[in-house]
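Visitor: Sequence and predicted structure, then a few things I'm wondering about:
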Amino acid sequence: MRAAALGLITGLIAGLALAFGGFSEFLIVLVFGAIGLVVGKVVDGDLDITRYVGGDRRRSRR
């Protein structure tokens, strides 16, 4: 199983554990699933987030 799929499943389970019920809870589960998917894609190497988290090492430091 790829890390992206595992991340998605983990995020969905975490969302279900946090919220169990109506429409607003469904949205919470959806958000957790998306977070899990993104984390899994980063682990797989399918998504590069270095430019968003300040990973630019080419800048000279003074």
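Guide: That came in fine, so what should we check first?

Visitor: Skip the chain neighbours and tell me the closest residue to residue 42.
Guide: residue 49 (6.0 Å; Cβ to Cβ, 6 or more residues apart in numbering). Yep, even glycine has a C-beta here, placed from its N, CA and C like the rest.

Visitor: Poorly predicted segments of this structure, please.
Guide: For the chain, the stretches flagged by pLDDT under 70 are 1, 55-62.

Visitor: Tell me where the longest helix sits in this protein.
Guide: helix 23-44 (DSSP state H).

Visitor: so what does that helix touch, helix or strand wise?
Guide: Contact here means 3 or more Cβ pairs under 8 Å, 6 or more residues apart in numbering; DSSP states H and E; on that basis helix 23-44 packs against helix 3-18.

Visitor: Give me the buried positions along the helix it packs on.
Guide: Residues of helix 3-18 classed as buried by neighbour count (16 or more other Cβ atoms under 10 Å): 3, 4, 7, 8, 10, 11, 12, 14, 15.

Visitor: Of the residues you listed, which is the nearest to residue 38?
Guide: Distance to residue 38, by Cβ to Cβ, is smallest for residue 7 among the buried residues of helix 3-18, at 7.5 Å.

Visitor: Not including adjacent chain positions, what is the nearest residue to the closest one?
Guide: Using Cβ to Cβ, 6+ apart and skipping residues adjacent in sequence, the residue nearest residue 7 is residue 40, 2.4 Å away.
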